[in-house]
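# Task: produce atomic coordinates for the following.
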Amino acid sequence: MKTQLFVGLLLGLSFCGHRAAGQRPDPVIPPAVASPMVDELVISNVSVVNVDLGEIEPHQNVVMRDGFIVSVGKWVPAGRGVPTVDGKGKYLVPGLWDGHTHALGSAADERMALPLYVAHGITSIRDVTTARPLNDLLRTYVALETGQRAGPRIELAGPVLDGSADGHTGLGLNASRAAGRARAAGFIKAGWCSLQPGPLLSHDAFWGVASAAQEGRVHLAGPVPEAVPVLAAIGAGQNGIDHPDKLLLACSSREAELVEARAQALAGPRPLATLQARVKAQQPDILASFSPERCAALAQALVQYRAFVVPALGAEDFDLRRAPDPEDPRFRSVPAAVRQQWERAARVRPRLTDSRRAQLQAIDSLQRRMVAAFGRQGVRLVAGSDAGSATPNLFHGGSLHDELERLVAIGLTPAEALRAGTVNPAMATGRGFDLGRIHAGYLADAVLLNGNPLDDIHNLRLIQAVVLRGRLFDLPALAGLVKEAEQAAAMEDAAAHATAVVH
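Alright, predicted model coming up:
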C-alpha cells in the first residue's frame, strides 16, 4: 500500500475534521535517532503471545510488509535481501496502549512525551487533553503517521463538555438538555469523533450530550457526571468510564440518594466547594453501604453494553503518600518547573489524621477489589496511566508499565493485564480490526521482549525492539528516544530560565 494512501486512510478512520486552509504546520523536530523505513521485515523463530487466548505460539516467523503483518507461521519470503531479526528465545507482543494520557496539552508537552511512549513499547495512546484546536492536533497526527516525528498512534478522547460556575467556559451547572445537545452537536460538526462528559455536567445537559453523540455516531467516554447514576449513563450511550470512583458509588445501595445529594450541591450556593465537601463526607456511607450484589449487576451491565473501564489505579498514589524513588531516572524527562509543581503539591497536601488515612486506604482497597471483580466478570478493562495530568509523579511511557503491574497485584492474571494494555483499548476505540493483535492483516505494531510476559508482567519492561509504522526501533534507537525526551525537558528548563532572567 502506498504511503500517502495509507496515511489518508488512517486520517479518515481516526478523525472527522480537516486542516484549515492556509494553516502553516508546526516546525518539525527530528528524532535523535532516525529509524529507517523497512519495506519488508521478518522476525524469525519467535514466540508469539496470543493475547486473546493468553497462550504462547512458539517458533513462529512473523512477516511484515509496508507496515502490515502479512503472515504468522512457518513461511518466510524467498531471497536473501529481506531484513531479518532473530527471535529465538524472545517473545513478540502487540504494541502496547496507554488508554488515558495527557500528552498533547501543548507542543512542548508533545516533544517530551511522544518519544517516551515508543521507548517503552507503547505504540498507541488515547489522549484525553484535547482542548487545543483540532487542526493543531491533526498536524501532529500527520507528522507522526508520515514518519517526520517518532511517536505513538493517537486516538483523541475529544473535547470535554462540562458545567462551570459562571457558564462562560462550560455549559453552566444547571444547563438544559437543549444546551447540552447544541454544544455537543457543534463539536461534532467541527469534526470531532469522540466527546467526553465532564464531572460537573448537569443531569439534563448530559442527556442532551448523549443524544447528540448517538445521533452523530461518535464515542462518548470519560467521567460519569456527578449528577448522573452510572447505569443511566451507560444506558444513554456512554461507552467508556474513566476512573473508578463513580463506579464504587454505583456499588452502594444508597447510590440514588447520594447522587441526588451531589446534584443538589451543584444547584445550590457555593456549588463547587459544597460538592467537594459532600463527596468527602459521603465516603464513609459508600464504604458502609457497599453491595457485592449491586457490583455484580453493574459488571453485568458494563459487559452487556460493551462499555470499557479505565481504572487508573496509579492516580490514587499521590493522595495515599505513595511516591517513586527520588532517584528514578524517569524524572530526567520531566522539566524542572513540573517537578517543582509536584513538590509544591506534596507540601500543601492536608495532613492526614490516622482516621482519614485509614478511610482513604479503605476506599482504595475497595476500589481495587471492585476492579479485580470486574476483570473476573469480563468487563473490558483498559489500562491508563493518567500521565501528564495535574496528579504528580505519573510519567509518560513508564507509568503504563506501573499500571499493568498494579492490575496483576490486585488479582488479575498477567494475560488479563496484557489484554488491558493491548486488545481491549484497541476494541474500545474502534480499532480492534487492525490493532492489538499479532495477526495477518493487522498493522505491524509490535514489541520484541526478552522474557515471557505471561509468566511475569514485569517482563514487558525487557524490551529488545519496537516495530511501528514500518520502522524498526532497536535498542540504540530506543535509547535515543529517551535522550530526545530528556533534551526536550532541558530545553524547557533553559527557556524558563531565560524568561526569568529577562523579567
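
# Helices of the stretch 1-150 of the chain, start to end?
Taking DSSP state H, counting those that start in this stretch as the criterion, the stretch 1-150 of the chain carries its helices at 3-14, 107-119, 134-145.

# So what's the gap between the last one and the chain middle?
Spelled out, that is helix 134-145. Distance, stretch centre to chain centre, for helix 134-145: 18 Å (Cα atoms, centre = their mean, to the nearest Å).

# what sits against Arg349?
By Cβ atoms under 8 Å, 6 or more residues apart in numbering, the contact list for Arg349 reads Asp319. C-beta here means a position set from N, CA and C on the backbone, and glycine is covered the same way.

# Quickly note the distance from it to Leu313.
Arg349 sits 19 Å away from Leu313, going by Cβ to Cβ, to the nearest Å.

# Check Gly375 too.
Taken as Cβ to Cβ, the span from Gly375 to Leu313 is 12 Å.

# now do Leu200
According to Cβ to Cβ, Leu200 and Leu313 sit 24 Å apart.

# again, but for Val48
29 Å.

# same question, Gly421
Applying Cβ to Cβ to Gly421 and Leu313 gives a distance of 13 Å.

# Give me the more crowded residue out of these two.
Legend: neighbour count by other Cβ atoms under 10 Å for Gly421 and Leu313, higher for Gly421 (31 against 24).

# and the closest residue in space to that one that isn't next to it in sequence, what does it touch?
Using Cβ to Cβ, 6 or more residues apart in numbering and skipping residues adjacent in sequence, the residue nearest Gly421 is Ala383, 4.5 Å away. Applying Cβ under 8 Å, 6+ apart to Ala383 gives the contacts 97-99, 310-311, 400, 403-404, 407, 417, 420-421, 424-425.

# Swap in 7 Å and give it another go.
Gly99, Leu400, Glu403, Leu404, Leu407, Ala420, Gly421 (Cβ atoms under 7 Å, 6 or more residues apart in numbering).

# how far away is it from Gly99?
The gap separating Ala383 from Gly99 is 6 Å, by Cβ to Cβ.

# picking up where we left off before, any idea how far the residue nearest to Gly421 is from Pro152?
Per Cβ to Cβ, Ala383 is found 14 Å from Pro152.

# how about stretch 128-138: buried residues?
Residues of stretch 128-138 classed as buried by neighbour count (16 or more other Cβ atoms under 10 Å): Val128, Thr129, Thr130, Leu134, Asp136, Leu137, Leu138.

# Minimum pLDDT in those, which residue is that?
Across those, no position has a lower pLDDT than Thr130, which has 74.

# residue ranges for the helices of the stretch 301-450 of the chain, please.
Secondary structure of the stretch 301-450 of the chain (DSSP H, counting those that start in this stretch): helices located at 336-348, 354-376, 398-409, 414-420, 423-428.

# Using PDB, write down the CA coordinates of stretch 111-128.
Provided in PDB are the C-alpha atoms of stretch 111-128 (Å, rounded to 0.1, in the frame of the first residue of the first chain):
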ATOM      1  CA  ARG A 111       8.200  16.900  22.300                       C
ATOM      2  CA  MET A 112       8.800  15.400  25.800                       C
ATOM      3  CA  ALA A 113       6.000  12.800  25.900                       C
ATOM      4  CA  LEU A 114       5.700  11.200  22.500                       C
ATOM      5  CA  PRO A 115       9.200   9.700  22.200                       C
ATOM      6  CA  LEU A 116       8.900   8.200  25.600                       C
ATOM      7  CA  TYR A 117       5.800   6.200  24.700                       C
ATOM      8  CA  VAL A 118       7.600   4.400  21.900                       C
ATOM      9  CA  ALA A 119      10.700   3.900  24.000                       C
ATOM     10  CA  HIS A 120       8.500   2.000  26.500                       C
ATOM     11  CA  GLY A 121       6.800  -0.200  23.800                       C
ATOM     12  CA  ILE A 122       3.600   1.900  23.700                       C
ATOM     13  CA  THR A 123       2.600   2.300  20.100                       C
ATOM     14  CA  SER A 124      -0.900   3.800  20.600                       C
ATOM     15  CA  ILE A 125      -2.400   6.300  23.100                       C
ATOM     16  CA  ARG A 126      -5.800   7.600  23.900                       C
ATOM     17  CA  ASP A 127      -5.200  11.200  24.800                       C
ATOM     18  CA  VAL A 128      -7.800  13.000  26.900                       C
END
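
# I appreciate the help and will end here.
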